[in-house]
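Trainee: turn this into a structure:
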Amino acid sequence: MMDKPALIDSHAHLDEVSNLSKALERARNIGIVAIIAVGSDIESNRRSLDFAEAYKDYVFSALGMHPWELEYQRNGWEEFILKHIGESVALGEVGLDYSIPLEKELQLQVFSRLAEIAKRYDKPLIIHARAAWRDALEVVKGLEVKKAVFHWYSGPMKVLKEILELGFSISATPALEYSQGHRRAVKHTPLDRLLLETDSPVRYRGVESEPADLEKVVSAVAKIKGLSPLAVASSTTENAIRLLRLKLRL
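Mentor: Model prediction:
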């Protein structure tokens with residue numbers, strides 16, 4: 001990449017990243033100027049807040065309740081999020097996942113409540129929607145949520161079209177290396193509606209990811225869209241700053 005353009009990793013599970021201090025050092029070295037530490041339950045939300053305090057103006061907290069964690073934690077999450085909502089830049093990771101054996105009604109109830117909180121406090125939603133893209137979109141439409149990013153979008157093009165028409169964004173991940181559905185979505189999403197993320201430390205082709213892998217995402221998006229890496233970096237960083245209202249000194 002040229003001249004290490006400013007990059008933002010809009011979605012990373014820093015509480016699960018191995019040797020975090022070294023990972024953040026590598027992230028800074030490739031030009032990452034901010035990382036959004038997403039939460040999945042009370043404990044990861046707490047750690048997200050801790051990271052934001054320890055790495056002030058570099059790591060920013062997003063508080064969430066992931067559908068995967070609902071089986072183990074059904075109480076207390078709402079009180080925690082409401083108590084700390086002012087310390088977060090977004091609500092995430094939240095959403096629906098119909099590929100897991102957890103009742104849909106519970107998932108919809110929790111996601112709807114989180115969407116209500118996001119709307120009330122004017123926070124963007126960072127949405128996970130595996131096998132549930134349409135239902136996730138219908139929830140945010142029905143509640144008239146104004147700000148959302150559909151994380152790692154690889155769903156139907158018809159749903160993507162509505163997501164974009166409503167002014168929402170999607171995120172591009174290292175899965176662009178192998179996911180045709182994800183590549184297709186990124187190709188058809190205007191650059192001003194695109195954020196970049198690594199979803200660290202999720203494994204891609206057997207290798208644990210980290211924020212520095214955002215460099216690969218920039219290159220992949222540039223190739224898919226026929227643009228320079230610098231153009232991709234510049235636009236997606238502006239998008240993240242605007243959506244998440246980050247106060248950065250670039």
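
Trainee: least trustworthy helix or strand in this structure by mean pLDDT?
Mentor: Lowest on mean pLDDT, DSSP states H and E among the helices and strands of the chain sits strand 203-204, with a mean of 86.

Trainee: report the next helix or strand after it in sequence order.
Mentor: Following strand 203-204 in sequence order, the next helix or strand is strand 207-208 (DSSP states H and E).

Trainee: which residues does that following strand contact?
Mentor: Strand 207-208 is contacted from outside by 18, 200-202, using CB atoms under 8 Å, 6 or more residues apart in numbering. The way it works is simple: take the backbone N, C-alpha and C, and place the C-beta from them, glycine included.

Trainee: buried only: go through these for me.
Mentor: With neighbours counted using 16 or more other CB atoms under 10 Å, these contain these buried positions: 200-202.

Trainee: what mean pLDDT does the lengthiest helix in the chain have?
Mentor: Assignment by DSSP state H gives helix 104-121 as the longest helix of the chain. Taken as a whole, helix 104-121 has an average pLDDT of 98.

Trainee: re earlier: which of the contacts of strand 207-208 lies closest to residue 96?
Mentor: Distance to residue 96 across those (CB to CB) is lowest for residue 202, with 18.2 Å.

Trainee: coming back round to it: out of the contacts of strand 207-208, which are inside helices?
Mentor: Among the contacts of strand 207-208, no member falls in helices (DSSP H).

Trainee: now for those residues: which two are most distant?
Mentor: 18 and 202 (12.8 Å).

Trainee: this structure: helices as residue ranges?
Mentor: Under the criterion DSSP H, the chain contains helices at 20-29, 42-54, 77-84, 104-121, 133-142, 157-165, 180-187, 214-225, 229-244.

Trainee: what about the protein, any weak spots by pLDDT?
Mentor: Applying pLDDT under 70 to the chain flags residues 1-3.

Trainee: point to the residue nearest the middle of it.
Mentor: The chain has residue 11 as the residue nearest its centroid, 3.8 Å off, counting by CA atoms, centre = their mean.

Trainee: now find how far off-centre stretch 203-222 is within its chain.
Mentor: 14 Å (CA atoms, centre = their mean, to the nearest Å).

Trainee: buried ones in it?
Mentor: Neighbour counts over stretch 203-222 (16+ other CB under 10 Å) mark 204, 209-218, 220-222 as buried.

Trainee: stretch 81-89 now?
Mentor: Using 16+ other CB under 10 Å as the test for burial, stretch 81-89 gives 81, 84, 88-89.

Trainee: just the CA trace of that stretch, in PDB.
Mentor: What follows is stretch 81-89 as a C-alpha-only set of coordinates in PDB (Å, rounded to 0.1, in the frame of the first residue of the first chain):
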ATOM      1  CA  ILE A  81     -25.700  -1.300  28.000                       C
ATOM      2  CA  LEU A  82     -28.000   1.400  29.300                       C
ATOM      3  CA  LYS A  83     -25.500   2.200  32.100                       C
ATOM      4  CA  HIS A  84     -22.600   2.600  29.700                       C
ATOM      5  CA  ILE A  85     -24.300   3.700  26.500                       C
ATOM      6  CA  GLY A  86     -22.700   7.200  26.700                       C
ATOM      7  CA  GLU A  87     -19.200   5.600  26.500                       C
ATOM      8  CA  SER A  88     -19.900   3.700  23.300                       C
ATOM      9  CA  VAL A  89     -19.800   4.800  19.700                       C
END
